[in-house]
Structures are given as structure tokens and as C-alpha cells.
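Trainee: Got a sequence here, can you model it:
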Amino acid sequence: MSGNTLGTLFTVTTFGESHGPAIGCVVDGCPPGLALAQADIQPDLDRRKPGTSRHVTQRREEDLVEILSGVYEGRTTGTPIALLIRNTDARSKDYAKIASSFRPGHADYTYLRKYGLRDPRGGGRSSARLTAPAVAAGAIARKWLRERHGVEVRGYLSQLGPHRIAFKSWAHVDENPFFAPDEAAVAALESYMDQLRKSGESCGARLTVVASGVPPGWGEPLYGRLDADIAQAMMGINAVKGVEIGAGFQSVEQLGTQHSDEMTPQGFVSNNAGGILGGISTGQDVVVSIAIKPTSSIRLPRKTVDVAGRAATIETHGRHDPCVGIRATPIAEAFLALVLIDHALRHRAQNADVTEQTPRVPAQAPVGKGKAKTTPMFEDPDPAEA
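Mentor: Numbering: from 1, shown residues only. Predicted coordinates for the structure are as follows:
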């Protein structure tokens, strides 16, 4: 009821605040027997952590994860897994001047209206800092999905402010601070962010996340739909204001003959559905895009009100991401993995004995067999491309 837990069978409950002593989560429902150590989780946290480039917040957190329970002799026991990440570089004094006013576009106002008090230090519970425990939990989910089903979850930055980024190769994604899939676009992105940072402004971003190897059949009609649960989870990420599955809003402009993903014995010829039909996975790549709004904590003056309702002007100083989307790719990957593992376990619970004689339609028709683009603006990558 309190809204701090994600999932049905594989659940993640996060705790902590941006400037508290620690943040963390409790993962419940992880199957027993999975080999698990800090080294399985830390790489994803390192990809998300702050201070990794001049384009993101310079808060210096190591984000070292501690496994407190649920693992014995290197394997999960099936009992709750408690993960802890200590905060070591909080500067609460940076927020003293805004404790009595509300940042426009931020949750300051709504938290106070809901709870009657708020923690102004770094946004407290509403801070994107709380995505770190979710990324740690997502690392567990990604490992289980990979080992049990061969599922790979990968994401990339597809747009930064006005700059759209064409997909070139997965090999480029982890070679630059933007998670951009085209190394040729990085120079322009750096120039744009340098100008933005100097001006004191912020911008939004679009991310695309792809899960390949998802078997057909995951998801539940009508109110446990895989796409609905993905959308709910993605909207639970700080600053996300839009979610698209497959062609998304571009399906409005498509005709039925364009949008419907034709099937041949050689495979689907397109993937406008984003790998989900009727709320159930088709066996194609699950393709999700999210829109992230501009950062609301900026140093430029803006009109607001104070806690007494009086007119005020606010400027936010301190250490903030001019675009929170730059570090959000590992976060989006984690949340998609968390939904997928939950549905994998739910499917296993009800349908483990189901046998189907109809041949499976391959995820993708070979090139030259009528393969179509999912959207004209943002191309879905070939999952086989390295």
C-alpha cells in the first residue's frame, strides 16, 4: 500500500533517502541456487554511479554493495536478499536555502502535501539516488534470466535533448559516458552538454531498452499484461514521463498493413508490437523506450512559492545532473529485467506443464525476407549485432 515494493513473486522493496546513512533494498522470491556474489552486482552499479564524467553530478559515491542476507556459500538460499549501499558523500548544507520553498517540476510540493513534512536533503526519498538499490536488484534478475533462459537486457541512449542518435552497434554503448550506440555522435553530445552546463539549463532524454531471447508466453491477460507491468515499472523511475512499447505513439500514423507484424515460417518480418501481443510475449525482442524530463534542480532563477504560500524565487545550487538521462540506461535495463523475472516466475507457477504443438515463429525473418523497421525514427537494433 505504501508504494515501495515492485513485483508479485520476485519483489523488490527499497529503503533509504538521498542523504541518509545508507540506501538499499530487500529482494524476496529469488529462486534458490543462483550463484551470487558482490562481483555479480557491482559492475551494474558502477555503470550507474555518479561522478563518472563531467556531464553528470560530481557527487562522489562509490556505491559499493553489501550482501547482508539470502546468500550462503555463494548461492542464493531462496530467502530474502538484503542489499545495502552506504552514502558517503552527501552535502546536506547545499539544500538549506531551498528547505522552505518548492522547486518547480520537483516532488517537493507533492511530498509535503501528502506526508505533511519532507526531507529537503537531496530530495530525500524522491531522489534518483534511490535507483541504485533497484539497479543492484536488477543485476540479480539479469543474471538469473541469462542463465535460465538466455535472455539479454541491453539499453542505449537514443536521444539527448534535440540530438537523435541512430543505432550503430552495441559495441559502442559502454565505450562512452552517454551509453550512445554511435561513437561518431559523442563529440556533438559532449559539446551540447558543455554548453548546457555553462548556461545552467537542463535537458531531457530518450532511452531504448531491448530484451532479446524472451520466450513466447510470458505475461497475463487482462490485468497482469507484460506491457502494462513494464510501463508501470518504467514510470516508477525518477523523471520518466513517457513509455512506449515497440512503435509506440508512431503507431498512430501507421496503417494496419504497416503496423501488423506479418508472420512467415522464416519468422516475423517486423516488430512494431515490441515483442508483446495481448499482453503476452511473442518471442521477439521486447523493445521499450522511455522519455525522461529535464532535471528540475537547476541554478537559474524560477518563480515558486514557499511553505507559507508566498511568492518566491528559487535557484538550486549544489551537485546535480544537467540531464538525468545520461546515467539512466543501467536503470532502465534493471527495471525491465525485474519485470521479466517476475513474469518468468509467474508463468512457471501456472504454466510449467503446458505443451504446445504449434511450431514457434522465429523472432526475426532473415534479411531479404521482408524484414521491416519497427519505427522510421528510431531503428531497433539487430540483436545479433555486436
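Trainee: ok, now which ones touch residue 263?
Mentor: Counting by C-beta atoms under 8 Å, 6 or more residues apart in numbering, residue 263 touches 269, 361. For glycine as for every other residue, the C-beta is placed from the backbone atoms N, C-alpha and C.
Trainee: Can you list the buried residues in stretch 98-118?
Mentor: Residues of stretch 98-118 classed as buried by neighbour count (16 or more other C-beta atoms under 10 Å): 98, 101-103, 105-109, 111, 118.
Trainee: How much space separates residue 346 from residue 70?
Mentor: Distance, residue 346 to residue 70, by C-beta to C-beta, to the nearest Å: 20 Å.
Trainee: Which pair of the buried residues of stretch 98-118 spans the longest distance?
Mentor: Comparing all pairs in these by C-beta to C-beta, the longest separation belongs to 105 and 118, at 15.4 Å.
Trainee: Residue 187: what secondary structure?
Mentor: Following DSSP: H, G, I helix; E, B strand; the rest coil, the label given to residue 187 is helix.
Trainee: ditto for residue 157
Mentor: Classified using three-state DSSP, residue 157 is strand.
Trainee: and it, how many neighbours?
Mentor: With neighbours defined by other C-beta atoms under 10 Å, the count for residue 157 comes to 27.
Trainee: now the stretch 151-300 of the chain, which segments are flagged as low pLDDT?
Mentor: Residue ranges of the stretch 151-300 of the chain with pLDDT under 70: none are present.
Trainee: run the last query once more with 90
Mentor: Within the stretch 151-300 of the chain, the ranges that satisfy pLDDT under 90 run 197-198, 200, 221, 295-300.
Trainee: just so I have it, where are all the strands in it?
Mentor: Along the stretch 151-300 of the chain, counting by DSSP state E, counting those that start in this stretch, strands occupy 152-160, 163-164, 205-212, 240-245, 263-264, 267-268, 276-277, 280-281, 286-292.
Trainee: Quick check: the closest residue to residue 294 other than its chain neighbours vs residue 187, distance?
Mentor: Spatial nearest neighbour of residue 294, excluding adjacent residues (C-beta to C-beta, 6 or more residues apart in numbering): residue 202 at 4.2 Å. From residue 202 across to residue 187, the span is 21 Å (C-beta to C-beta).
Trainee: Of the two, which one has the most company?
Mentor: A direct count of neighbours by other C-beta under 10 Å for residue 202 and residue 187 places residue 202 higher, at 22 against 10.
Trainee: The more buried one and residue 161 touch, don't they?
Mentor: No - Residue 202 is beyond contact range of residue 161, at 9.3 Å (criterion: C-beta atoms under 8 Å).
Trainee: Find residues that contact each of those two.
Mentor: Common contacts of residue 202 and residue 161, defined by C-beta under 8 Å, 6+ apart, comprise 196, 323.
Trainee: before we move on, the earlier item: out of the strands of the stretch 151-300 of the chain, which is closest to residue 254?
Mentor: Closest approach to residue 254 among the strands of the stretch 151-300 of the chain (C-beta to C-beta): strand 240-245, 13.2 Å.
Trainee: mind listing what's buried in that closest one?
Mentor: Of all the residues in strand 240-245, those buried under the rule 16+ other C-beta under 10 Å are 240, 242-245.
Trainee: and what of stretch 36-51?
Mentor: Under the neighbour-count criterion of 16+ other C-beta under 10 Å, stretch 36-51 has 36, 40-42, 44-45, 47-50 buried.
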